[in-house]
Each structure stands twice: as structure tokens, then as C-alpha cells.
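Chemist: Coordinates only, no sequence provided:
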């Protein structure tokens, strides 16, 4: 039987034409930034069929109903407290420097982020110490424990945390757990059965059904890491719940991260953030919602104090439910106003153009810009894109270091005498546009000096990347870097 190659050629041409039409229709029917639009067109056009499968898992946006419910919850909070926030900020005269004042006003106008002034802060850079402290605080809880993590693995550390939560629930403490299903692979609702039997509550973010398997959606993760005990103690930063965050995964070795333990009124703002996420997720379920207004009952504005141990702080959130991009704009404001130095730690360096140019302008203007990235990938395409941007920044005067002691997962920025940020947001498209993130922005000389010293201590375990370092890399590796860079808006 002879094969009619002309017919086969026409079928292939027709399939490719249909693929191109569907690619344009699929991408342009959703509102997204132009870089992401072109990146998805590239994937869908170059990889027929496979590209559409990838899009189903990665590219779909949140439904309009889901976004609306989140925005509605935020609008309700804003309408209740915005006027009070502005009055409180106007009365806090202890923020005297123009640079800090502008940053405070930026977060007030874009995120309704109330400035609290009475916070005591402890820094953790080691997972063992951080989780020992968290478990001790859970064990001492008397009223409520709120846990919100991207990853809550059902491994040894996860079981230790869960046991502490179960004991708290047995004592009559109200326990709520919110986690991301995609970030907690292998963890099912069954893991929390005993906790709920004791009266605790557990819920996967934006997932109403008690599904047995992880949601196929790969974007719009709950990437926040918060723990709140009795409304008095709060944890915020980069550590997730899992054995690898203790340095017990041989693939990564020592795990270098940064987390804060906060005692003060900033914890109320963390509680508000948790309540927003919990109420949105549990809408339509039988799980009780949290009354956000309760967080502002008897809210006392602390008078300005000269105590160097008290840290003024704003809890700033961002996510795909709004287009204010508060954390990214905060980062850019810090970079754009820097006069002396900017120290950044991030596991993923895939910046948007505005962020990238702000770093280069600062470096070219004489600011000491230093960025620390990992020495190894946890996601190959992401790391190759990170290498591409690291090379570009090095060529433009930015000092980039790779951390050689293990895996660097910290998300910190330190600049000047009294500006610092610690939280969950990486320096990449995903954190800026696709994930739900939360950071603490602090204004305190002592805390900033501590974080600056930690960065400088980490430099002892780093290699400074140079143009010669990148020039010696293989052609294949350079190709992967350039290819990954083209996909950076969707990585």
C-alpha cells in the first residue's frame, strides 16, 4: 500500500494551523501581562499538544468568581479600617526619615498595611531552632493557633508539628491549618483526621472538596508562611514545614533560610491576613469563618518610643487577586531610593524588567548592590533562568554570589540604616504576579544591622560570580539559560 505523502503533509499543515489559532485564542482570551502572553504563545506554538497539556496544568488563571470572592473580602476589610489606618499613620511621627516615610505611605496606599510600632523580633536562620521555638509556642498556646504554610509535608517534622497541634486542640485551643495542596504533595486530608476529631480544622487553600489527590493547577499557590499563637506571637518568613527545611534532605544538604518571630501588634495584622485567606477558602463550606473586626477591638495605638528593641513593622501581602503588586513595588522603592547599599538573598532571580533596571541603575549610580543565590537548582529551568539574569546583572555592575554551603532559600532585602524585608516573596515573576505572598517590612536600626551582618557572614560560604565564570560555561548550558529566560514569565 502506497503512502500518500501529500495528504499527510496537508493533514500536518491543517493541524499546525488549528494549533496556532487555538494558541492565540487560548492565551488572548485571558487578561495577562504581555511578557506572559508571548511566553505562552511560544510554548503553545513550538510544542503542539504538549503545550496545551502544560497550559492546562500551569497556564490557567483563577476563575473570575474565585478572584471576585477574594477581592470582595479585601474590600470589606479596607472599607472598615482604611480611615483609621490613615489617622494612625499620620500620628506616628517617629518615622522621621523621608525614605522610610515614603515606603510606609506606599504600603498604606497600595495594601492598607497598618504600621505597628511595638514589635519585638527574633531572627531565625536555622530550621531546627525555628521549629523548636514554634513547637514550644504551640505547646504553650491557651486560646488559638493559626497555621498557614505553602508546604505542610506528612514527614517527620510535619508529624511533630501536627502532634503539637493535636495536643493543643485536646486542651480546648482553637486550631486552624491552611496549606497549599500543590506545595504539600503527599499530604491528604486524611493526615489531619485526628486533629479534626479533637476539634481542630484543616483546609487546603482554594479547594473546597476533600479531594484525595493534589489539584492539577500549578499556579496561584498559597505561598505564604505564617504561624500565629494566641494573637500574641507570630512567625513570618521563608521556612516551610518539612524535613528538607531542617537540612535532612541529602539532595540539598544544609538549608539556609530566614524567618522572624514577632511579639507585638504586627501579629494582629498577620491574623487579619490569615483570616482573609481562611474565610475566602472556606466560603461555601461548613467551616466557621473568622470575624476580622474582632482583631481591631480594643486596638491600642502604642506611643512612639525610643527603645531600639521595638521594631516598627508593616505586614504586606500581594497576590493575583489584585494588581497593586505591593511587595514588588516595595522592593523597587527600596532599590530606587538606596544611597549606600542593597543586600538581597533569593533562591530564584527572575526579575521583571522594571525590577531588573532598578538594580542596574542603582549599581551604575554607585550603590553597593549584592545579590546571593543558591549554588544548585531545585527546579532546573528556573535555575537556568536565574543564571541568565545573574550573568546579565554581573555584566552591569551588580555583585552576584552563589551560596556554596547548601541550599539558600531566604527571601530578604536589607538597605540603609533601618529598612529590611523578610518574607515569602522571591525575586521572580511567580512571586510578583502568580503566588499569594506576605512579607514583613521593618524600620529599625538594630534589626537591619543584624540582617546585614547575617548576609556578610554568609559571604564567607559564597563564591563571587564573575564574567569569566560565565564565559567558561559550556555552550549547551548557555543555550539552556537563554531558552529558560524566554520562558521566565511563566516559570
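Modeler: Happy to help now that I have it. Nothing here was measured: the structure is a model prediction, and the numbers come from that model. Numbering: from 1, shown residues only.
Chemist: can you pull out the strands in the stretch 251-400 of the chain?
Modeler: 254-256, 259-263, 311-318, 341-345, 349-350, 368-374, 399-403 (DSSP state E, counting those that start in this stretch).
Chemist: would a markdown table of those strands with mean pLDDT and distance to residue 448 be doable?
Modeler: For glycine as for every other residue, the C-beta is placed from the backbone atoms N, C-alpha and C. Formatted as a markdown table, the strands of the stretch 251-400 of the chain follow (pLDDT from 0 to 100; distance: least, Cβ to Cβ, whole Å):
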| stretch | mean pLDDT | distance to residue 448 |
| --- | --- | --- |
| strand 254-256 | 97 | 19 |
| strand 259-263 | 98 | 13 |
| strand 311-318 | 95 | 10 |
| strand 341-345 | 98 | 10 |
| strand 349-350 | 95 | 22 |
| strand 368-374 | 98 | 15 |
| strand 399-403 | 98 | 19 |
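Chemist: just so I know, which of those strands lies nearest residue 445?
Modeler: Residue 445 sits nearest to strand 311-318 of all the strands of the stretch 251-400 of the chain, at 9.8 Å, using Cβ to Cβ.
Chemist: packing partners for that closest one?
Modeler: Under the contact criterion of 3 or more Cβ pairs under 8 Å, 6 or more residues apart in numbering; DSSP states H and E, strand 311-318 touches helix 98-111, strand 116-124, helix 266-281, helix 326-337, strand 437-442.
Chemist: highest average neighbour count across the ones you listed?
Modeler: Across these, averaging neighbours per residue (mean count of other Cβ atoms under 10 Å) puts strand 437-442 on top, at a mean of 26.
Chemist: I figured residue 370 hits residue 340, correct?
Modeler: No - at 11.7 Å, residue 370 does not count as touching residue 340 under the criterion of Cβ atoms under 8 Å.
Chemist: tally of neighbours for the residue lying closest to residue 483 once chain neighbours are set aside?
Modeler: Spatial nearest neighbour of residue 483, excluding adjacent residues (Cβ to Cβ, 6 or more residues apart in numbering): residue 384 at 7.6 Å. As a burial measure, residue 384 scores 22 neighbours (other Cβ atoms under 10 Å).
Chemist: Surely residue 384 touches residue 487?
Modeler: No - counting by Cβ under 8 Å, residue 487 is not a contact partner of residue 384; they are 9.6 Å apart.
Chemist: what residues go with each domain of the chain?
Modeler: 5-59, 64-88+119-309, 317-490 (automatic domain parsing).
Chemist: Quick one: distance of the strand or helix carrying residue 132 to the chain centre.
Modeler: Assigned by DSSP states H and E, residue 132 belongs to helix 127-139. Relative to its parent chain, helix 127-139 has a centroid offset of 21 Å by Cα atoms, centre = their mean, to the nearest Å.
Chemist: Going by contacts, tell me the helices and strands next to it.
Modeler: Contact partners of helix 127-139 among helices and strands, from 3+ Cβ pairs under 8 Å, 6+ apart: strand 116-124, helix 156-170, strand 226-229, strand 233-237, strand 259-263.
Chemist: roughly how far apart are the residue nearest to residue 483 and residue 433?
Modeler: Counting by Cβ to Cβ, to the nearest Å, the gap from residue 384 to residue 433 is 20 Å.
Chemist: want to throw the domains of the chain into TSV with distance to residue 113?
Modeler: Formatted as TSV, the domains of the chain follow (distance: least, Cβ to Cβ, whole Å):
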stretch	distance to residue 113
domain 5-59	24
domain 64-88+119-309	7
domain 317-490	7
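Chemist: Distance of the closest residue to residue 439 other than its chain neighbours relative to residue 181?
Modeler: Counting by Cβ to Cβ, 6+ apart, residue 439 lies nearest to residue 423, which is 2.7 Å off, once chain neighbours are set aside. Using Cβ to Cβ, residue 423 is found at 22 Å from residue 181.
Chemist: With residue 343 instead?
Modeler: Distance of residue 343 to residue 181, given as Cβ to Cβ: 34 Å.
Chemist: For the stretch 51-200 of the chain, which residues score under the pLDDT cut-off?
Modeler: By pLDDT under 70, the low-scoring segments of the stretch 51-200 of the chain are 51-96.
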